[in-house]
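Undergrad: Build me a structure from this.
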Amino acid sequence: MEIKFEQDFLHYLKAGASLIQIISYETQRIHGVVNKTADELGRSWFSWNRIEGIKKWENGEFVEDEADCSREASSVLEQFEQEYFENSLLILEDFHPDLTENQPHIIRRLRNIALRKYTDRAIILAQPVSHLPVELEKEVQLMEMPLPTVDELKVVLASVCRRFDLEDSQYEQTLPVLEAALGLTIMEAELAFAKAIVENGRLTESEIPLIVAEKEQVIRKSGYLEYHHPQENLEDVGGLDKLKEWLNRRSNAFSESAREYGLEQPRGILLLGVPGTGKSLAAKAASNAWQFPLLRLDMGKIYGGIVGQSEQNIRGALGIAETLAPCILWIDEIEKGLSGIQSSGATDGGTTSRVLGTFLTWMQEKNKPVFVLATANDISQLPPELLRKGRVDEIFFVDLPDCQARQEILGIHLRRRQREFSEPDLARIAQAAKGYTGAELEEAVKEALFRAFDEGRQINAEDVIAAIKDSYPLSKTMQEVIEATRKWAKNRAVQASSQEPEAFDDKPKEPKTPRLRQEAANPFI
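TA: Below you'll find the model as predicted:
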C-alpha cells in the first residue's frame, strides 16, 4: 500500500501536477515520501507552516531559508512563483484554514498556479482532514496516505528501543509484536511502544497486550469502531449447527496454504433473524474460534453533520479494518444504520445512499482479509444491493430455537452459573419454553436464580418453568413478522439450523384498537 502511494505521488509529479493534497496526520511520513521523490526527480524541497515560515531541507536537516518570506499564506504563494523555487517541491502544512470563502484571493492564486502548469515545481498541501473549496476541486489531486505497514513499524520500534537504550535481549522485532501495532499512526505506535517499555522495561511478545490496549484506546477515539475481546466460543452457541459448521470449515481459509490451493478469502456473511436468537453471540464466537480481532462498526456514528464527513468516516473505518487485517468487521443491526435509504435523496441530501455505495463498493473490491459479519432483524429495511451474491458469501436465516436447541441453550446458561440440571429436567423446561428465544431463556434462568436466592435454597427446574410462564415471548407479539420472514428466507437464505422450525400453535388474537378519551366522545368515530 505504501509503495503504491509513493508511485502514484511520483507519477502525478512526472505528469505535471502542480497542486497535490495529501491527507494524513503524520507530517514525518509525508516529509519522508517527499524527500524520496525529490531525490528521484533531482529536485530540492521546502516545508512551510505559519509558525516557522519556510524551511529548506539540505544535507539531512532543515535550514533557515534564504528567501525573504513572511509567515502569511498569501506571501508564501507569491514567493513560490519566483525563480528561487524553480525545480523544487513546497509542502504547505495545515493550509486548510486558509482555503475558505473568506480567503478568495488565496484560492484564486492557487488556481493561477495550477493554470500556469508548472513542470518544474509543485505544491503539496499536507493536512489531517480533507477540505477543498469548490473552485479547486478540479485543479488539486487528492491523495490519502495509508496507515503504516509492518516494515515502517519496524523502523519505529528500532528507533524507540534506541531512545530507551535497550539491549538486544530486551526487545524483539518479531511479526506478532509489529502486527500488534497495526492500525496506529507513527506517533501513536511510538507512544504504545514507549509506554510498554516504561511499564515493563522491555519490548517483547509478552508486552503485546499492553500495545493492544493502547491501540484499543486509539481506535475507540475514532468514535465509530470498537475493539472487542470476546470470551465466547462456538461451543457456547446453542443450536445453529449449520452456521457453526460453515464457520469451522472456513477457519483456515485465510492461510497461505489455502491461497496455494486456489481458495479465495471468505468475504463475509449476513445473519438475518429474530432478535435474541444468537446472531451477535455467533459473531463473538467466530472471532474467538478464528483468533481474529473483532471490530464492531457502529453505523449510526458514521453520519456527521458536515458535508462529506459521513463518507470520510466510513472510508476511515474501513481503512482501519484493512490495516488490522486479518480481522472480523462486525456490523450489528445493519438495517438501522441504513434506514431511510429509499428516501435518502429527499431527506438527507443522499448521504445515506453515498455511505451505502462506498461500503458496497469496498465489499465488492476489497482484497484484504477483512471478514464482514453483519446482523439484521428486519429484512424489509435492507437494501437489495446488500443481499446479492458476491458482496457476501452466504445469507443465513437464524430462526427461533427448536426444542433440542433450547435444551442446549439452557444447559449453557446454567453451566455459566455453576449449576447443572438432569436431562429430563432440561427437556421439561425446553418443552415449556416453546417459542422462546435464547435471550429470553437466559433471562428466565436469571429470574429463577433470584427467586431461589430470595427463598434461601438452590435453584430447580420448577423455578425456571415458573419464570418462563410469567414472561411473554417475543414470538407471540411478532408472530406475523416471523412467519413472513420465514417465508421470505425459505428460498433466499440458508437455514442456520438443520432442524425444521417449529410451527406456531395458534394465531394471536387481534388486540382491540385503543382509543383516546376525546375519540370516545366523537359520535362520528
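Undergrad: got a list of what residue 247 touches?
TA: Counting by CB atoms under 8 Å, 6 or more residues apart in numbering, residue 247 makes contact with 234, 282, 285-286, 289-290. The C-beta positions use only the backbone N, C-alpha and C, and glycine is treated the same way.
Undergrad: Can you add neighbour count and give those residues back as JSON lines?
TA: Shown next, in JSON lines, are these (neighbours: other CB atoms under 10 Å):
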{"residue": "234", "neighbour count": "20"}
{"residue": "282", "neighbour count": "27"}
{"residue": "285", "neighbour count": "23"}
{"residue": "286", "neighbour count": "28"}
{"residue": "289", "neighbour count": "19"}
{"residue": "290", "neighbour count": "22"}
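Undergrad: between those residues, which is closest to residue 147?
TA: Nearest to residue 147, judged by CB to CB, of the contacts of residue 247 is residue 290 at 22.5 Å.
Undergrad: Apart from its neighbours in sequence, what residue is nearest the closest one?
TA: Computed as CB to CB, 6 or more residues apart in numbering, the closest residue to residue 290 that is not its neighbour in sequence is residue 251, at 5.4 Å.
Undergrad: My assumption is that that neighbour lies in a strand; please confirm.
TA: No: counting by DSSP: H, G, I helix; E, B strand; the rest coil, residue 251 is not part of a strand but coil.
Undergrad: Pull up the per-residue confidence for it.
TA: Note on residue 251: pLDDT of 87.
Undergrad: Tell me if I'm right that it and residue 288 touch.
TA: No: Residue 251 lies out of contact with residue 288 (CB atoms under 8 Å); the separation is 11.0 Å.
Undergrad: Which elements pack onto the one helix or strand residue 79 maps to?
TA: Assigned by DSSP states H and E, residue 79 belongs to helix 73-80. Applying 3 or more CB pairs under 8 Å, 6 or more residues apart in numbering; DSSP states H and E, one finds that helix 73-80 contacts strand 53-58, strand 88-93, helix 104-115.
Undergrad: list the buried ones in it?
TA: Neighbour-count burial for helix 73-80, counted by 16 or more other CB atoms under 10 Å, picks out 73, 76-77, 79-80.
Undergrad: What of stretch 278-297?
TA: So, applying 16+ other CB under 10 Å, buried residues of stretch 278-297: 278-290, 292-297.
Undergrad: can you pull out the strands in the stretch 401-525 of the chain?
TA: Counting by DSSP state E, counting those that start in this stretch, one finds strands in the stretch 401-525 of the chain at the ranges 494-495.
Undergrad: The stretch 51-200 of the chain too?
TA: For the stretch 51-200 of the chain, strands defined by DSSP E, counting those that start in this stretch occupy the ranges 53-58, 61-64, 88-93, 121-127, 141-144.
Undergrad: show me where pLDDT drops low in this structure?
TA: Along the chain, the parts satisfying pLDDT under 70 run over 1-2, 65-70, 304-308, 339-349, 506-525.
Undergrad: Domain-wise, how is it divided?
TA: Domain ranges of the chain: 2-144, 150-221, 228-398, 403-469, per automatic domain parsing.
Undergrad: need those in a markdown table with distance to residue 484, can you?
TA: Formatted as a markdown table, the domains of the chain follow (distance: least, CB to CB, whole Å):
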| stretch | distance to residue 484 |
| --- | --- |
| domain 2-144 | 43 |
| domain 150-221 | 38 |
| domain 228-398 | 9 |
| domain 403-469 | 16 |
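Undergrad: nearest to residue 482, of the ones you listed?
TA: Closest to residue 482 of those, according to CB to CB: domain 228-398, at 5.9 Å.
Undergrad: gap between the two ends of that closest one?
TA: In domain 228-398, first residue to last residue: 23 Å (CA to CA, to the nearest Å).
Undergrad: next one: that domain to chain centre, how far?
TA: Put simply, domain 228-398 sits 9 Å off its chain's centre (CA atoms, centre = their mean, to the nearest Å).
Undergrad: try stretch 36-44
TA: Relative to its parent chain, stretch 36-44 has a centroid offset of 37 Å by CA atoms, centre = their mean.
Undergrad: can you map out the helices along the stretch 101-250 of the chain?
TA: 104-115, 150-163, 175-179, 186-200, 208-221, 241-249 (DSSP state H, counting those that start in this stretch).
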